[in-house]
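In: A predicted structure for the sequence below; I have some questions about it.
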Amino acid sequence: MIKIRTFLALIFVAFVILLSTTLSYITNQRATKAIEQEIGVSLAGTAYQMSDKLDNFMWSRASEVKLLTELDLLKQASDPKAIQTLLDQLQSSFPSFSWIGFMDTKGDVLAGTDGILVGKNIAERPVFQEGIKGFFTGDVHEAVLLAKLLPNPNKEPLQFVDVSYAVKNDKGVTVGVLAAHLSWEWAKEVERTLLTPEIEHNKNFELFIVSKKDNTVLLGPDGWVGQPLDLDSVKNAQNGSNSWRLEQWDDGKKYLTGYAYGDGYLDYPGLQWTVLVRQPESVAFAPVNQIRLDVAIAAALASILFIGMGLVTAEFISRPIRALTTAADRIRKGDDTEIPETKGFKDIRSLSRALRSLLDSLLRTEHALGHMENAALRDQLTELPNRLALERYLEKTIESFDPTHETLSFMYLDLDGFKKVNDTLGHQVGDMLLKKVAQRLQKVTSKGGITVRLGGDEFLLITRSPIENAYTEAEQIATETLKLINNPFIVEMNQLSIGCSIGVAFYTRLNQNVMDVIHTADECLYLSKKDGKNRVTFQG
């Protein structure tokens, strides 16, 4: 039959598992959506920051070029050397300018940084053809004329973004074109600045800049530059959206992709680049998986906790009954224990009180019987062990006695002068004197020994000691006993002096009859009396 504690524990376990499973599922669903949204928004934000920085950079450089066109030195276009010096200073201040040149209205280069292309005609280049119309920004392209003229320590193809403005004099007449080639390396630097903190945190971010003209990658991981991207993310960005989506790329893997569109900055129209920031699905949603794991662990721990609480509750309910049962079983086996008084439930408390009352009654009866038995083993006057106690002591001692190594010394003692006290001062004083004698004799009772009142003023002291020390110890105890008894007693303001005579005999392997040993000690006592009293006589 099932126990109460087990039944209650099973109910608690079933309830906790059901509750934990339900809460874990709901929490998982909500946490997953919230975390996915947060991660996606973060990627979209990174893409937007990159797009904004690109447009901001291009606006700053275009503004610098435009500012130069307002200088009288360029408006007059009369001092190519001075213009050359100005352009060199600008390039020195802004290394992003790979080359800056000033052309006349025919496309002849009058001045250029480091003297590059000076004297050449670039009328066929878009930077001149479009720039002379007013303002021009060209998309990323590889160097044509400058490829062999500019330093290139990396040996990688040089790429530029073009900016050019028409230069007009104070009358509004176009006198030339100021053009600049911006090294595409600045975009890579922006990318490193933006993504390095994320990469250091092992987030596996990858950034792509996509041209609007043919959706090709202008900047991206190795192997991607120049590749077309046909993704919904690109289409959404070009439609003006700035968001994120989980999308499958051409490599067949899914990436969480944030996207943003470069629509210019202030009066700079921009080149309408699309910026994508992607992260592998497994990496992007790692926090989600961790959240799910954490929720599962939390649910498991909560289950364990509440199961534990359930077990404790079941234990609390069943413990009083089990305690009563255990106590009753121990009492049945004879152990010294009590019936516990419970405080939890009224019915069980009433039962425990009834059992305690019954046990107390039984214990009082047992105690009374024990007291009666103890009284039967004690001398009523001196409270020393009596003859019955002596018999039990001898039975127990001799049962464990080793006669080859041990000896029992029997000292038979009789008081000298006690009869005179009785006759002159009365039996009441005599009885009080016997009590005080018993108290002094208890002081010389050795461990494992016994002091017995045989009757009247006769006592028997027994000590247990090794054979080789038996005589010495017996002599020491007997001498101490004589000294204690010879000291005066004060009884009802009477100073009384008595002595004692002692006879000593030994229980050895040669004397196996205890009564014979006691008789021998008695005979030695008689010799002490005969020889003048107040002395010790040992077995001859």
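Out: Arrived safely. These numbers come from a predicted model, not from an experiment.

In: From residue 56, how far out is residue 48?
Out: Taking Cβ to Cβ, to the nearest Å as the measure, residue 48 falls 12 Å from residue 56. Any C-beta I mention is one placed from the backbone N, CA and C, and that applies to glycine too.

In: of those two, who's got more company?
Out: Using other Cβ atoms under 10 Å, the more surrounded residue of residue 48 and residue 56 is residue 48, with 19 against 16.

In: close enough to count as contact, the more buried one and residue 242?
Out: Yes - counting by Cβ atoms under 8 Å, residue 242 is a contact partner of residue 48 at 5.5 Å.

In: quick one: common contacting residues for those two?
Out: Common neighbours of residue 48 and residue 242, using Cβ atoms under 8 Å, 6 or more residues apart in numbering, are residue 260.

In: if I pick the nearest residue to residue 272 once chain neighbours are set aside, what's in contact with it?
Out: Spatial nearest neighbour of residue 272, chain neighbours left out: residue 212 (4.1 Å); criterion: Cβ to Cβ, 6 or more residues apart in numbering. Taking Cβ under 8 Å, 6+ apart, we find residue 212 in contact with 238, 271, 272, 273, 274.

In: Please apply the same query to residue 270.
Out: 55, 58, 262, 263, 264.

In: on that earlier part again, just give me the closest of the contacts of residue 212 to residue 170.
Out: Nearest to residue 170 among those is residue 271, at 31.7 Å by Cβ to Cβ.

In: Shouldn't the closest one be within a strand?
Out: No - going by DSSP: H, G, I helix; E, B strand; the rest coil, the assignment for residue 271 is coil, not a strand.

In: returning to that earlier point: name the nearest of the contacts of residue 212 relative to residue 17.
Out: Proximity of the contacts of residue 212 to residue 17 (Cβ to Cβ) peaks at residue 274, which lies at 50.6 Å.

In: Could you report the distance from the closest one to residue 304?
Out: With Cβ to Cβ as the criterion, residue 274 and residue 304 are 51 Å apart.

In: Compare those two and say which is more crowded by neighbours.
Out: Using other Cβ under 10 Å as the criterion, residue 274 and residue 304 rank with residue 274 on top: 26 against 12.

In: Domain map for the chain?
Out: 1-330, 338-376, 387-538 (automatic domain parsing).

In: by contact count, what packs against the helix or strand hosting residue 275?
Out: Following DSSP states H and E, one finds residue 275 within strand 274-280. On a contact count with 3 or more Cβ pairs under 8 Å, 6 or more residues apart in numbering; DSSP states H and E, strand 274-280 meets helix 4-68, strand 206-210, helix 232-238, strand 254-261.

In: Nearest to residue 98 among the contacts of residue 270?
Out: residue 58 (14.6 Å).

In: dump the residue contacts of the residue lying closest to the closest one once chain neighbours are set aside.
Out: Nearest residue to residue 58, sequence neighbours excluded (Cβ to Cβ, 6+ apart): residue 268, at 6.0 Å. For residue 268, the contacting residues are 55, 58, 59, 62, 63, 137, by Cβ under 8 Å, 6+ apart.

In: how far away is the last one from residue 53?
Out: Residue 137 sits 16 Å away from residue 53, going by Cβ to Cβ.

In: Same drill for these two, tell me which one is more crowded.
Out: It is residue 137, of residue 137 and residue 53, that has more neighbours when counted by other Cβ under 10 Å, with 22 against 19.

In: That one sits in which helix or strand?
Out: Take DSSP H and E as the rule and residue 137 turns out to sit in strand 135-142.

In: What pairs with that strand, parallel or antiparallel?
Out: Strand 135-142 has its sheet partners listed here by DSSP bridges as strand 159-168 (antiparallel).

In: Name the next helix or strand downstream of the strand it pairs with, please.
Out: With DSSP H and E, the next secondary element past strand 159-168 is strand 174-183.

In: Contacts for that next one, please.
Out: 58, 61, 65, 68-69, 74-77, 96-105, 107, 110, 127-128, 131-132, 143, 146, 158-169.

In: could you flag which of the residues you listed are buried?
Out: 58, 61, 65, 68-69, 74-75, 77, 96-105, 107, 110, 127-128, 131-132, 143, 146, 158-168 (16 or more other Cβ atoms under 10 Å).

In: Can you flag the buried ones in the contacts of residue 270?
Out: Buried subset of the contacts of residue 270 (neighbour count, 16+ other Cβ under 10 Å): 55, 58, 262.

In: Can you give me the neighbour number for the closest residue to residue 534 other than its chain neighbours?
Out: Of all residues not flanking residue 534 in the chain, residue 499 sits nearest, at 3.5 Å (Cβ to Cβ, 6+ apart). Residue 499 has 15 neighbouring residues, counting by other Cβ under 10 Å.

In: Same check on the one 3 residues further on?
Out: By the measure other Cβ under 10 Å, the count of residues near residue 502 is 26.
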